[in-house]
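Colleague: build me a structure from this.
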Amino acid sequence: MPLWSLDSVRVFCRDFSAAETFYRTALALTVVVAAPRVAIFSTGGMKLILEAQPPDDPETGILVGRFTGISFSVPHLDAATGDLASKGVVFYRAAELQGWGGRLVHFFDPDENILTLVEYPSD
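Modeller: Here you go, the predicted model:
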């Protein structure tokens, strides 16, 4: 067993109410801790921490509205993409086949943070 394990990832937002609703409803994540300006969601093995940035925080421009590097694994990319599209989620572009055999697609949260869906190749 590794000495270190990845516990959580953080996503920063400007509009906490819209972002919290998006992660809870569009992505169907369960809130396990709710506090003013912070929500912690269960994602299976890890936690996603949503944190509001104050409007006067100079870091907001750096932390919000960017590629996050966060990927959600799904068994069927087309079905997951269709489900999110039906909920009004906007995609960066169409799903792409990767050189390693999987497929992925990027999408936006309400603050234009870019998240990823990934479908790994079947065995």
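
Colleague: in the chain, where is pLDDT below threshold?
Modeller: Along the chain, the model assigns pLDDT under 70 to residues 1, 59-61, 123.

Colleague: state which helix of it is the longest.
Modeller: Criterion DSSP state H: the longest helix present in the chain is helix 77-86.

Colleague: tell me which residues of that helix come out buried.
Modeller: By neighbour count on 16 or more other CB atoms under 10 Å, the buried set for helix 77-86 is Leu77, Ala80, Thr81, Leu84. (C-beta placed from N, C-alpha, C; glycine too.)

Colleague: for Val11, state which of these is nearest.
Modeller: Distance to Val11 across the buried residues of helix 77-86 (CB to CB) is lowest for Leu84, with 16.1 Å.

Colleague: verify the stated contact: the closest one with Ala28.
Modeller: No. Contact between Leu84 and Ala28 fails when scored by CB atoms under 8 Å: they sit 10.0 Å apart.

Colleague: now do the strands in this protein.
Modeller: 8-13, 30-35, 38-42, 47-52, 67-73, 96-97, 103-108, 114-119 (DSSP state E).

Colleague: would you turn those strands into TSV with distance to Val90 and mean neighbour count?
Modeller: Formatted as TSV, these follow (distance: least, CB to CB, whole Å; neighbours: other CB atoms under 10 Å):
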stretch	distance to Val90	mean neighbour count
strand 8-13	16	18
strand 30-35	23	11
strand 38-42	20	18
strand 47-52	18	19
strand 67-73	15	14
strand 96-97	17	10
strand 103-108	5	18
strand 114-119	10	19
